[in-house]
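Trainee: Would you be able to build a 3D model of this:
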Amino acid sequence: MMDLQRRIEKQQNQYYDLFLSEKDGDSKPRPENVHIIVFNPDTDDQEVHTIEFPKGSGLNVILAFESQKECINFAEMLQQDNLLPDPVPSEAPLLALEEFCEQMGVPVKVVPDGTDLRPPTDNVDNFGTDEKSEEDNMEEEEEEHQDGIESWQ
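Mentor: Reported below is the predicted structural model:
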């Protein structure tokens, strides 16, 4: 029964193949630059879009699209949901992004060209799952995202 449940979950989760496929760089060269989604760019409230994988784990991952077009399409789908502030695709050097995110403990997943991801249907307001208050998390998150985004641009 558990095996059947796992197969159903795999079919329902479009991110399964992306995250459990070969490691980035194993089958083709890694891109020099990638495209990520930023909210409130160039403001004190600037943030980067992340997804939680696996769902319910509290582990957040930044999606770094190889294709600018696919990043734009993903951002447009997020905007259609009207649940998030205006998403803005932004180009970033992959190596600098990964180095910064590694310091924060947030992995970066390169989304290969042709993947055609759709945004998850669930949205969360808070990044992380630690014991701090919601207000503390938001303040730290804003500072970290702002500082980090400025450092790799």
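
Trainee: give the contact list for Ile37.
Mentor: Val48, His49, Leu63, Cys71, Phe74, Ala75, Leu78, Pro87, Val88, Pro89, Ser90 (C-beta atoms under 8 Å, 6 or more residues apart in numbering). In short, each C-beta sits where N, CA and C put it, glycine included.

Trainee: Of those residues, which belong to strands?
Mentor: Mapping the contacts of Ile37 onto strands (DSSP state E) picks out Val48, Leu63, Pro87, Val88, Pro89, Ser90.

Trainee: Can you list the buried residues in stretch 53-71?
Mentor: Going by neighbour count (16 or more other C-beta atoms under 10 Å), the buried part of stretch 53-71 is Phe53, Leu59, Asn60, Val61, Ile62, Leu63, Ala64, Phe65, Glu66, Ser67, Glu70, Cys71.

Trainee: Return the set of residues that bridge with Leu63.
Mentor: Taking DSSP bridges as the rule, Leu63 bridges to Lys109.

Trainee: So which residues of the protein form strands?
Mentor: Ranges of strands in the chain, per DSSP E, are 33-39, 47-48, 50-52, 60-65, 87-93, 108-111.

Trainee: Out of the ones you listed, flag the one nearest Pro119.
Mentor: Closest approach to Pro119 among the strands of the chain (C-beta to C-beta): strand 50-52, 8.1 Å.

Trainee: Can you give the contact residues for that closest one?
Mentor: Tyr15, Gly58, Leu59, Asn60, Val61, Ile62, Leu63, Val106, Pro120, Val124, Phe127.

Trainee: Export the buried residues of stretch 53-71 as TSV, with columns for distance to Leu20 and pLDDT.
Mentor: Shown next, in TSV, are the buried residues of stretch 53-71 (distance: C-beta to C-beta, whole Å; pLDDT from 0 to 100):
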residue	distance to Leu20	pLDDT
Phe53	10	84
Leu59	14	89
Asn60	17	92
Val61	13	93
Ile62	18	96
Leu63	15	96
Ala64	17	97
Phe65	19	97
Glu66	18	97
Ser67	21	96
Glu70	20	96
Cys71	22	97
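
Trainee: from those residues, which is closest to Asp44?
Mentor: For the buried residues of stretch 53-71, the nearest to Asp44 is Ile62 (20.0 Å; C-beta to C-beta).
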